[in-house]
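S.K.: Quick one: sequence plus predicted model below, questions after.
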Amino acid sequence: MPSIQKTFHVTKNDFIHAGEASIHVKNLLKSLNYVPDLVRRVAICGYEAEMNLVMHGGDGELSVDVNADRIIVDVIDHGQGIADVELAMQEGYSTAKDEYREMGFGAGMGLPNIKKNSDEMVITSEQGNGTHVKMVFFNKGLNV
Amino acid sequence: MKVRELVEKFDLTVVAGEAGLNRDVQGGFCGDLLSEVMGNAGIGCVWMTVQAHQNIVAVAVLREMAAIIITGGATPAPETVDKADLEGIPVMIYPGTSFELSGKIYADL
Ligand SMILES: Nc1ncnc2c1ncn2[C@@H]1O[C@H](COP(=O)(O)OP(=O)(O)OP(=O)(O)O)[C@@H](O)[C@H]1O
Ligand SMILES: [Mg+2]
C-alpha cells in the first residue's frame, strides 16, 4: 500500500464543524480496511486533539499520513499555546470556560485519552506560539 | 435488539437519523462529559445523555454508537438534528432520567 497524506483545516470556536476532520480520517481508514481497534483509537485521539484546537487553541490543521505499518496524525494550531504541558496532561486538569463545561467539555480527560489510545504522543508547545500534537499508531493487526 | 425495537418498547420519540433505525444495539452507556464518553463508551451502544447540542453527533459517529437518547427533558438543537440526519445516527428523546431508562434497557438486553 502506498502512503497517503491528507490535511484538513480546522477553525477555532467553530463548533458547527468540530469533529468533521476526525470523521473524515475515520472514514478514510475504514475504506482502507484497517482493523477496527486501530480505527477506533485514531478516531478517539483525532477527536480529542481536534476539539482542543477548537476550544483552547487557534486556527490550524489536522493532517494524517498513513501507510501499511503506521498512522501519524498531526494537529497543529496557531493559538496561545500551552504554558505547562506536564500539568495539562494530568487527568482532571482543564482551563475550559464555563460555557464549554455546560456542553460537557472540560473534564480534563482529552489529553489523557490520547495518551492511553496512541502508541506515541508528542506535544510541542510554547506559550504564545501555538501547539503541535503528534500521535503515532502502529498497525499491528495488519489487515492492509 | 434493533434500535427500532428499542424505540417501540420504551416509547421513545425519534427526532433524527431514521435511516439508522435498523442498527444493532450491543449495549448502553450513560454520560454527559464528552471526553469521558469518548474514552469509555462501547461500539454499538445506545448513549443516554442530557447533552443535546450538535457535538454529540460526532462523538456517536466516531465511537460507532447505535443511537443517542436525549434524556431529562432536553430537546436537540436544529444543528443536532441536521447532523444526525446526515450521518444516519438515530436520535431519540426520553422525558425521564438516564437512570430510569438505563435500568429498563439493562434488564432487557
Ligand atoms: N491546543 C491547545 N491549545 C492551548 N491549550 C490547550 C490545547 N490543548 C489542550 N490545552 C490545555 O490543556 C488542558 C487539558 O486538555 P484536555 O484535553 O486534557 O482537557 P479539556 O480539553 O480541558 O477537557 P476535555 O478534553 O475533557 O473536554 C486544557 O484545558 C487547556 O488548558
Ligand atoms: Mg480536551
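M.R.: Now that the structure is in, tell me what you want to look at. Ligands and ions are numbered 1, 2, ... in the order given.

S.K.: Pull out the buried positions in stretch A:112-132.
M.R.: Residues of stretch A:112-132 classed as buried by neighbour count (16 or more other CB atoms under 10 Å in any protein chain shown): A:112-114, A:117-118, A:121, A:123, A:125, A:130-132. In this view, the C-beta of every residue, glycine as well, is placed from N, C-alpha and C.

S.K.: if I pick residue A:36, what's in contact with it?
M.R.: Contact partners of residue A:36, counting by CB atoms under 8 Å, 6 or more residues apart in numbering or on different chains, are residue B:43.

S.K.: Actually, residue A:57.
M.R.: By CB under 8 Å, 6+ apart, residue A:57 lies in contact with A:12, A:77-80, A:130-131.

S.K.: 10 Å - rerun?
M.R.: Residues counted as contacts of residue A:57 (CB atoms under 10 Å, 6 or more residues apart in numbering or on different chains) are A:10, A:12, A:49-51, A:75-82, A:125, A:130-131, A:133.

S.K.: list the contacts for residue 83?
M.R.: In the absence of a named chain, this looks at chain A. Each residue near residue A:83 by CB under 10 Å, 6+ apart is listed here: A:95, A:125-128.

S.K.: should've been chain B
M.R.: Here residue B:83 is in contact with A:16-17, A:19-20, B:16-17, B:54-58, B:60-61, B:76-77, B:89, B:91 (criterion: CB under 10 Å, 6+ apart).

S.K.: ok, so of the buried residues of stretch A:112-132, who is nearest chain B?
M.R.: Using CB to the nearest CB, residue A:113 is the member of the buried residues of stretch A:112-132 that lies nearest chain B, at 4.5 Å.

S.K.: May I ask which helix or strand encompasses the closest one?
M.R.: With secondary structure defined by DSSP states H and E, residue A:113 is part of helix A:110-117.

S.K.: Packing partners of that helix?
M.R.: Contacts defined by 3 or more CB pairs under 10 Å, 6 or more residues apart in numbering or on different chains; DSSP states H and E place helix A:110-117 against helix A:36-56, helix A:85-88, strand A:120-125, strand A:131-138, helix B:34-40.

S.K.: deepest of these, which one?
M.R.: Among the helices and strands packed on helix A:110-117, helix A:36-56 has the highest mean neighbour count (mean count of other CB atoms under 10 Å in any protein chain shown), at a mean of 24.

S.K.: Just the buried residues of stretch A:102-111, please?
M.R.: Under the neighbour-count criterion of 16+ other CB under 10 Å, stretch A:102-111 has A:103-111 buried.

S.K.: circling back to that earlier point, do the helix holding residue A:113 and ligand 1 meet?
M.R.: Yes: using CB under 6 Å from any ligand atom, helix A:110-117 comes into contact with ligand 1 via A:110-111.

S.K.: next one: that helix to chain centre, how far?
M.R.: Taking CA atoms, centre = their mean, to the nearest Å, one finds helix A:110-117 lying 9 Å from the centre of the chain it belongs to.

S.K.: re earlier: cross the contacts of residue B:83 against helices and list the overlap.
M.R.: Judged by DSSP state H, the subset of those located in helices is A:20, B:55-58, B:60-61.

S.K.: Closest one of these to residue A:33?
M.R.: Residue A:33 has its nearest neighbour among those in residue B:61, at 18.9 Å by CB to CB.

S.K.: For residue A:107, see how far away residue B:60 is.
M.R.: Going from residue B:60 to residue A:107 by CB to CB, to the nearest Å gives 18 Å.

S.K.: List, out of the buried residues of stretch A:102-111, those positioned next to ligand 2.
M.R.: Filtering the buried residues of stretch A:102-111 for proximity to ligand 2 by CB under 5 Å from the ion leaves residue A:110.

S.K.: So which bits of chain A are right by ligand 1?
M.R.: By CB under 6 Å from any ligand atom, the residues of chain A that approach ligand 1 are A:48, A:52-53, A:55-57, A:77, A:79-82, A:88, A:93-96, A:105-111, A:131.
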